[in-house]
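J.: no letters, just coordinates:
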């Protein structure tokens, strides 16, 4: 108000970062509104409605969220997080998230989502393998020099 009454340009921000803070505050309120249904339901009642895989996912998401918020807090405090134990904890949670994803894909009977993991429930199509082998051998025979028949006259 002092700035506006002193005749300085009214479009100039009163304090740097105020708009960003208000945007963050509004985003935080919308997240709270999204989480209200989950926070109003007791955890044991919510878990009764979930399958074991969904329960594991819920626990992992909760742990990852709490650790991410703590990571953000430490970052705002200027902490160096390269060697912080929280980094190992975040990696451990991510490893379990990958394991749950693998288990989920195995239960569905589909191939895992990433190429780095061991394939689940893979079978060999014998007929297709035989065709590949025949074609491979056939091509190799074509590359070999052909024997000439010698006339015995």
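T.: Noted; the coordinates are in hand. None of the values given here were measured: they were computed from a predicted structure.

J.: where in the protein is pLDDT low?
T.: Residues of the chain that meet the criterion pLDDT under 70 lie in 1-19, 111-122, 138-153.

J.: is residue 64 in a helix, a strand, or coil?
T.: helix (DSSP: H, G, I helix; E, B strand; the rest coil).

J.: pull the number of nearby residues for the closest residue to it other than its chain neighbours.
T.: Of all residues not flanking residue 64 in the chain, residue 93 sits nearest, at 5.0 Å (Cβ to Cβ, 6 or more residues apart in numbering). Yep, even glycine has a C-beta here, placed from its N, CA and C like the rest. When neighbours are counted by other Cβ atoms under 10 Å, residue 93 registers 19.

J.: give me the element residue 93 is part of.
T.: Assigned by DSSP states H and E, residue 93 belongs to helix 85-108.

J.: counting by contacts, list what that helix packs against.
T.: helix 52-76 (3 or more Cβ pairs under 8 Å, 6 or more residues apart in numbering; DSSP states H and E).

J.: so the helix it packs on versus helix 85-108, what angle?
T.: Interaxial angle of helix 52-76 relative to helix 85-108 (axes from the mean of the first three to the mean of the last three Cα atoms, to 10 degrees): 160 degrees.

J.: now do the buried residues in helix 52-76.
T.: 56, 57, 60, 63, 64, 67, 71 (16 or more other Cβ atoms under 10 Å).
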